[in-house]
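# Prediction below, plus the sequence it came from.
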Amino acid sequence: MIEGSGVKSTVPFFAALWAGCVFALMAVAQEKGSLAELTADDCLRGCVTREIPVFKPGEEIVFRVELAGFTGRDTAGFILKWERTGDDGRKEIGETGIAKPFVYSTSLGCPGFVRFLGKLVDAKGEPVKRHTPRGGWQPIECDLGAGVDILAIRQAVKPPTDLDAFWRRRKENLKRVPIKNVESVRIGGNDKVELFVVKCPCAGGMPVTGFLTVPAAAASGRKFPAHLSFHGYGASWSRGAWDKPDLGKARADRLNFAVSAHGFDLMKDAKYYADLRRAAKSNGHDYGFDPEQNSDQEKTYYSGMAYRVMRALEYVKTRPEWNGKDLCVAGGSMGGMQAVWAAAMDHDVNGCNVSIPWNCDIGGTETGRNRGDWYVKWTPALGYYDTASMATLIPATCRTTVPMAGLGDYICPPTGVMAFYNNLKCPKALSFRQNARHGDCLQPSPVQSFRITGEDITAK
């Protein structure tokens, strides 16, 4: 439900030409919407009218959207194009003037989430864009969500019945490649930390590689907690991630092992990483996305990646500087997926911190759950790697925290994140942010958000 003056010019030719260029540039700017100076403060401010956007099945959900910012700008011709989708498979679209706040009400009859996507366009139907701090242009949009009976959300396709046995077999496979002839080369240090490049033999076709920082105080015999960090999908190939780290930002109170998902060499040129990424493609799909490769749990790209996660943990535990008790893992997106694998596969891990965890509830598509355009297609073999499946193997001794998940993130959809969270049987917490996509927020603070601690839901 929707509620000239006629005086002859004496300007020389070159000045007239310059003026013409200026007018042309102004025309180009106007063609882009005369809004080239728009910033993050100029936005579609959206929310759900309830403080905590969580509802019961069938209960009315009300979204509210309005313009914010645009001081001194002519917004009279602006139009809001909107789309409602949800885990019930229902879709509604529409458009409206946005001179005053727009209110839209809907409901959902099952556990899951409703998505309200709004896009701002001008009178010509062209997207209104703002300049981003990182450069480039960003369409002004809002991406809102509301949850229904979220503590009842379950993984669409249950984990394989032999999940635990499968990973025990793989641990036995890994033992056949002993941890020996490890390359650990010191490449820098200061009065706080020492920096090493590590290369460790592993099953799965590639070694474990990564940067290890060790507190300088360990030289006097002190022992420290250990922390392993993992990268996201695109960042895992970025040369920036694999250049020599800035030791000025390194922590001196723990060992930190930044692990490559792919086992490649570090500190190479951009061509090296670009060539490797192209070589990792399969049947025209980027790594991890080939349905044929993903039809076999031993041949999927995730197989080798998971071996490297296990071996990275084993290696860190051999370090004499480790205190033998504190072992934490962290990552975002695909890095979050790897961190969850780590906590599931090695029960010495007692802290798991994952933002926007990827590949939760991959089989959600089989029951019509909402997805964006970029996702891994379900195969039964992927049930062994699904982040929600792996949550069932995390022990009660490992506190697991999701400090950030977006209600507008449909790379890591909120329903999948909740399926993962609800499978955890350990101390746990999760924070959702309104109008946030995959790691970024579409409006400035304050934003509507809430936190789940155990089964208690509170405003944040």
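Here it is on my side, so go on.

# Below-threshold pLDDT in this protein: ranges please.
1-36, 133 (pLDDT under 70).

# just the helices in it please.
In the chain, the segments counted as helices under DSSP state H are 13-31, 163-175, 239-242, 270-279, 301-318, 334-345, 387-391, 414-423.

# Quick one, which of those gets closest to Arg134.
helix 239-242 (13.1 Å; CB to CB). Where you see a C-beta, it was placed from the backbone N, CA and C, and this is true even at glycine.

# Now do the closest one: distance to the chain's middle.
Relative to its chain's centre, helix 239-242 lies at 18 Å (CA atoms, centre = their mean, to the nearest Å).

# Then stretch 70-78?
33 Å.

# is the residue lying closest to Asp87 once chain neighbours are set aside in a bridge, and if so with what?
In this structure, Asp87 finds its nearest non-sequential neighbour in Gly112, 3.0 Å apart by CB to CB, 6 or more residues apart in numbering. Beta-bridge partners of Gly112, counted by DSSP bridges, are Val148.

# pretty sure Gly112 is touching Arg369, no?
Yes: taking contacts as CB atoms under 8 Å, Gly112 lies within contact range of Arg369: 6.8 Å.

# and for the two, which residues touch both?
Residues touching both Gly112 and Arg369 (CB atoms under 8 Å, 6 or more residues apart in numbering) are 87, 415.

# These two: which is more packed in?
Between Gly112 and Arg369, Gly112 has the larger neighbour count (other CB atoms under 10 Å), namely 27 against 21.

# Buried ones in stretch 189-198, by neighbour count?
193-198 (16 or more other CB atoms under 10 Å).

# can you list the residues that contact it?
182-188, 208-216, 244-245, 247-248, 250-252, 257, 266-267, 315.

# Now, the residues you listed that are in strands?
183-188, 208-215, 257 (DSSP state E).

# how close does the most centrally placed residue in the chain get to Pro320?
The residue lying closest to the centre of the chain (CA atoms, centre = their mean) is Ser333, at 3.6 Å. Distance of Ser333 to Pro320, computed by CB to CB, to the nearest Å: 33 Å.

# residues contacting the residue nearest to Asp87?
Applying CB under 8 Å, 6+ apart, the residues near Gly112 are 86-88, 147-149, 153, 369-370, 415.

# would JSON lines of those with distance to Tyr301 be doable?
Below are the contacts of Gly112 laid out as JSON lines (distance: CB to CB, whole Å):
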{"residue": "Gly86", "distance to Tyr301": "31"}
{"residue": "Asp87", "distance to Tyr301": "28"}
{"residue": "Asp88", "distance to Tyr301": "33"}
{"residue": "Gly147", "distance to Tyr301": "32"}
{"residue": "Val148", "distance to Tyr301": "35"}
{"residue": "Asp149", "distance to Tyr301": "35"}
{"residue": "Ile153", "distance to Tyr301": "28"}
{"residue": "Arg369", "distance to Tyr301": "24"}
{"residue": "Asn370", "distance to Tyr301": "25"}
{"residue": "Thr415", "distance to Tyr301": "25"}
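
# Between all of those, which two are separated the most?
The most widely separated members of the contacts of Gly112 are Asp149 and Asn370, with 15.5 Å between them, by CB to CB.

# who has more neighbours, these two?
Asn370 (22 against 18).

# surely the more buried one meets Thr85?
Yes: in this structure Asn370 lies within contact range of Thr85 using CB under 8 Å: 5.4 Å.
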